[in-house]
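In: show me the folded form of this:
(chains A and B)
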Amino acid sequence: MTEIALGSADFLREHLRARLTLAMLVAIPALFVLVSSSVLGEFAAALGGSAAGDSASALGAGWAAAFLAGALGFFQVSSSRDADRRLALAGMGAARVVAARIAASVVLGVLISAVAFLTLVLTAGVAHGAHAFAAILAFALIYIGIGTLVGSVISEPLEGSLTVAFIFLIDAFSGPGMSGSGGAAQLMPTRKAADLLIAAGAGEGSPGGDWLAVGLTALGALLLAALAFWLSARPRTG
Amino acid sequence: MADEAPAETSTLGSATRSADPVLRVEGVEKGFHRGIPPWRRRVAVLADVSLAVGRGELVGLVGENGSGKSTLMKVVVGLLERDAGRIERHGRLGYCPQAPLLWEKLTVAEHFELFARAYDLDARRAGSATADLLSELQFERYRDYRIEDLSGGTRQKLNLALALMHEPELLLLDEPYSGFDWETYLRFWEMSERRRDEGMGILIVSHFLSERERLDRVYELRDGRCEEA
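Out: You can find the predicted model right below:
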């Protein structure tokens, strides 16, 4: 257990010592929330959606968390794949490397969500704070799963980050309040989390079924992330 | 520790006989798929490779660029799957990859700590191994430097030190001295010969003919096959 915690702390350090990551951690939530509260309403209307005001600002915080978590998830796998495998082979084992990576990812997800939530509170305010934070965290966890999965199959930084950005754009633009409400839009990974966040932004509650669906999606995404880390760290013994 | 193979060879060649082997490789095959379907084709890199390394032996692996030396090392270590054959390893394994596999934002000291935990070394042993290797390879002053701030040669020293810190019985070195200056290069051979004399089995990918006299035996990898030179 101590080994996993210490390994996780090392993996976290690897990310948090990058100045650009820290700058993005502050800049992206601010940008997304401020843009959402101003022009998103017009943009959503052009796409046939209805997002506006506090709900749009809240949604912006969720997207900021998703974007950052997806990018960091991707680079957690793609930049350290070979080093992680070496560590696993040295005796740490793939299972403990995966556990340490997942723990680091969850801490990163909480940190990203906290910054996005704080930005939302400071710039636009939010009626249901706890609901909003939980939904933003769900955005982050879901995109950790997506980012790590992309990282496990695409190793090149440019192609991988473009793929994560492409998935993010499809997801965001087909989300509730934007262009879509039925058909394929219902299958988008952050669909239910966006519903929760829009409701929290407008000061409304959400049905228990939606919370359950979001919880299960976030859990599934973490399992996906564990699979992605394992595919990268596992020994190849034939 | 023996890795069972998807397809085994049954005959031991003379190359795989060793009195007290720490590594035995028999009939290993490895190929890679290139291109996209329907133009996908398999390129064979290793075909029926057999070799052995005994305790207290310093064995070289030579071959032209692209002959499959690093592929063979990765298959032996478990970084790549093999298509056929059998690999037996005995005792603790140390592996120094050709390119340093390190974490850019962590310091030298943090790397030693991370690998000490992976090797399950207690604090006293980890501390003394770290101090000894920093001193032996003469890079103590970089202890608190991040990897991103190190030169290629110093990264390579750390890469090598991490493979040695748990005193493995079998040490696999894939061109471990690239980036070393002449003094460090000579020190590297002294370190290897001393460890060989203490009983470590070492397999080293080597390029230079002048190194052959330092080696107990040499295998040459050519056309996917390995022969004792």
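In: all strands of chain B, in order?
Out: All strands of chain B, identified by DSSP state E, fall at B:2-3, B:21-34, B:41-54, B:58-62, B:84-89, B:93-96, B:170-174, B:201-205, B:217-222, B:225-228.
In: so which of those strands is nearest residue B:164?
Out: strand B:93-96 (5.9 Å; CB to CB). The way it works is simple: take the backbone N, C-alpha and C, and place the C-beta from them, glycine included.
In: which bits of chain B sit near chain A?
Out: Within chain B, the residues that sit near chain A (CB under 8 Å from any CB of the partner chain) are B:3, B:5-6, B:75, B:77-83, B:85, B:93, B:95, B:97, B:101-106, B:110, B:113-115, B:117-120, B:146, B:162, B:166.
In: now these: which count as buried?
Out: Buried residues within these, counting neighbours by 16 or more other CB atoms under 10 Å in any protein chain shown: B:3, B:5, B:75, B:77-80, B:82-83, B:85, B:93, B:95, B:97, B:101-106, B:110, B:113-115, B:117-119, B:146, B:162, B:166.
In: follow-up on the earlier one: tell me which of the strands of chain B approaches residue B:150 most closely.
Out: strand B:93-96 (16.0 Å).
In: the spatially most central residue of chain A: what's it in contact with?
Out: In chain A, the centroid-proximal residue (CA atoms, centre = their mean) is residue A:140; its distance is 2.4 Å. By CB atoms under 8 Å, 6 or more residues apart in numbering or on different chains, the contact set of residue A:140 is A:65-66, A:68-69, A:109-110, A:112-113, A:116.
In: helix or strand: which one has it?
Out: Under the criterion of DSSP states H and E, residue A:140 resides in helix A:129-153.
In: ok, then the element right after that helix?
Out: helix A:157-173.
In: what does the average pLDDT come to for that next one?
Out: Per-residue pLDDT over helix A:157-173 has a mean of 91.
In: now it: buried residues?
Out: For helix A:157-173, by 16+ other CB under 10 Å, it's A:160-161, A:163-164, A:167-168, A:171-173.
In: what angle do it and helix A:129-153 make?
Out: Counting by axes from the mean of the first three to the mean of the last three CA atoms, to 10 degrees, helix A:157-173 points 140 degrees away from the direction of helix A:129-153.
In: for the residue most central in space within chain B, give the beta-bridge partners.
Out: By CA atoms, centre = their mean, chain B has its centre lying nearest to residue B:172, at 2.2 Å. Assessed by DSSP bridges, residue B:172 has beta-bridge partners residue B:95, residue B:203.
In: which helix in chain B runs the most residues?
Out: If you go by DSSP state H, chain B has its longest helix at helix B:182-197.
In: and the helices in chain A, which stretches?
Out: So, for chain A - with DSSP H - the helices run A:2-16, A:19-38, A:40-47, A:53-78, A:81-87, A:94-123, A:129-153, A:157-173, A:191-201, A:208-233.
In: and the last one, what does it pack against?
Out: In other words, helix A:208-233. When contacts are defined as 3 or more CB pairs under 8 Å, 6 or more residues apart in numbering or on different chains; DSSP states H and E, helix A:208-233 sits against helix A:53-78, helix A:81-87, helix A:94-123, helix A:129-153, helix A:191-201.
In: mind putting these in JSON lines, mean pLDDT included?
Out: What follows is the helices and strands packed on helix A:208-233, written out as JSON lines (pLDDT from 0 to 100):
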{"stretch": "helix A:53-78", "mean pLDDT": "87"}
{"stretch": "helix A:81-87", "mean pLDDT": "89"}
{"stretch": "helix A:94-123", "mean pLDDT": "92"}
{"stretch": "helix A:129-153", "mean pLDDT": "93"}
{"stretch": "helix A:191-201", "mean pLDDT": "84"}
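In: give the contact list for residue B:180.
Out: Counted by CB under 8 Å, 6+ apart, residue B:180 has contacts B:153, B:156-157, B:188.
In: go again using 7 Å as the cut-off
Out: B:153, B:156, B:188 (CB atoms under 7 Å, 6 or more residues apart in numbering or on different chains).
In: one more: residue A:91?
Out: Contact analysis of residue A:91 by CB under 7 Å, 6+ apart lists B:118-120.
In: can you state the direction angle for the longest helix of chain B and strand B:170-174?
Out: Using the same axes, to 10 degrees: helix B:182-197 against strand B:170-174 is 150 degrees.
In: can you list the buried residues in helix B:182-197?
Out: B:184, B:187-188, B:191-192, B:195-196.
In: from those, which single one is nearest chain A?
Out: Nearest to chain A out of the buried residues of helix B:182-197 is residue B:195 (CB to the nearest CB; 17.7 Å).
In: separation between that closest one and residue B:63?
Out: 24 Å (CB to CB, to the nearest Å).
In: do residue A:68 as well
Out: 46 Å.
In: neighbours around the spatially closest residue to residue B:116 that is not a sequence neighbour, how many?
Out: Using CB to CB, 6 or more residues apart in numbering or on different chains and skipping residues adjacent in sequence, the residue nearest residue B:116 is residue B:126, 3.5 Å away. By other CB atoms under 10 Å in any protein chain shown, 19 other residues sit near residue B:126.
In: how many residues are close by the nearest residue to residue B:64 once chain neighbours are set aside?
Out: Once flanking residues are discounted, residue B:64 sits nearest to residue B:222: 7.5 Å by CB to CB, 6+ apart. Neighbour count for residue B:222, taken as other CB under 10 Å: 13.
In: same deal with residue A:22?
Out: Residue A:22 has 12 nearby residues by other CB under 10 Å.
In: distance of it from residue A:107?
Out: Distance from residue A:22 to residue A:107, by CB to CB: 15 Å.
In: where does chain A come near chain B, residue by residue?
Out: Contacts of chain A with chain B, taken as CB under 7 Å from any CB of the partner chain, map to A:3, A:6-7, A:10, A:13-14, A:17-18, A:80, A:82-83, A:85-87, A:89-92, A:235-238.
In: buried ones among those?
Out: For these, buried by 16+ other CB under 10 Å: A:3, A:7, A:10, A:13-14, A:17-18, A:80, A:82-83, A:85-87, A:89-92, A:235, A:238.
In: where in chain B is pLDDT low?
Out: B:1-19, B:209 (pLDDT under 70).
In: ok, residue A:85 - contacts?
Out: By CB under 7 Å, 6+ apart, the neighbours of residue A:85 are A:232-233, B:79.
In: now with 6 Å?
Out: Remark: with contacts taken as CB atoms under 6 Å, 6 or more residues apart in numbering or on different chains, residue A:85 is in contact with A:233, B:79.
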